[in-house]
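Peer 1: Next one to model:
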Amino acid sequence: MSETDMIRGFVKNILKPIIAEAIAEVGAETAQRSEKRYYTREEACRHLKIGTTTFYRLAKKGKINILKIEGKTLVDADELDEAIETRQVFRYQH
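Peer 2: Numbers count the residues shown, from 1 in each chain. Next comes the predicted model:
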């Protein structure tokens, strides 16, 4: 068996499955991140450590974008987390 055949065998039998598994993991993580997540009003308030009145005041000022669906108030989780990171909305310390 030549050295080239040995290298091909190594790549085919050992590296290829490892690379395929790594690609599959990255694809699964990307798909998981692309799914929209929402907080209910209660979850957003707990996350920010604020009350309902403050929550609606922030929404009225445009600091929190809310979505009303069938009587439920929802907040895009990624948008809220980004607003916290960029300091548009502060998480209160109790």
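Peer 1: could you pull out the strands for the chain?
Peer 2: Ranges of strands in the chain, per DSSP state E, are 38-40, 66-69, 72-76.
Peer 1: Buried deepest among these, which one?
Peer 2: Among the strands of the chain, strand 72-76 has the highest mean neighbour count (mean count of other Cβ atoms under 10 Å), at a mean of 18. No exception for glycine: its C-beta is placed from N, CA and C like everyone else's.
Peer 1: to the chain's geometric centre, what's the distance from that strand?
Peer 2: Computed by Cα atoms, centre = their mean, to the nearest Å, the chain-centroid distance of strand 72-76 equals 16 Å.
Peer 1: ok, now stretch 15-30?
Peer 2: Chain-centre distance of stretch 15-30: 20 Å, with Cα atoms, centre = their mean.
Peer 1: ok so, going back, of the strands of the chain, give the one that comes closest to G51.
Peer 2: strand 72-76 (13.9 Å; Cβ to Cβ).
Peer 1: What are the contacting residues of the closest one?
Peer 2: Contact with strand 72-76 is made by 36-41, 44, 64-68, as judged by Cβ atoms under 8 Å, 6 or more residues apart in numbering.
Peer 1: of those, closest to T53?
Peer 2: For the contacts of strand 72-76, the residue nearest T53 by Cβ to Cβ is R41; the value is 11.6 Å.
Peer 1: tell me the contacts of that closest one?
Peer 2: R41 neighbours (Cβ under 8 Å, 6+ apart): 52, 55, 66, 72-75.
Peer 1: mind putting those in CSV, pLDDT included?
Peer 2: Below are the contacts of R41 laid out as CSV (pLDDT from 0 to 100):
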residue, pLDDT
T52, 93
F55, 91
I66, 92
K72, 91
T73, 93
L74, 95
V75, 94
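Peer 1: Export the strands of the chain as a markdown table, with columns for distance to E25.
Peer 2: Listed next are these as a markdown table, based on distance: least, Cβ to Cβ, whole Å:
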| stretch | distance to E25 |
| --- | --- |
| strand 38-40 | 26 |
| strand 66-69 | 32 |
| strand 72-76 | 26 |
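Peer 1: Out of those strands, which is closest to A59?
Peer 2: Closest approach to A59 among the strands of the chain (Cβ to Cβ): strand 66-69, 4.9 Å.
Peer 1: That's all I had, so thanks and see you.
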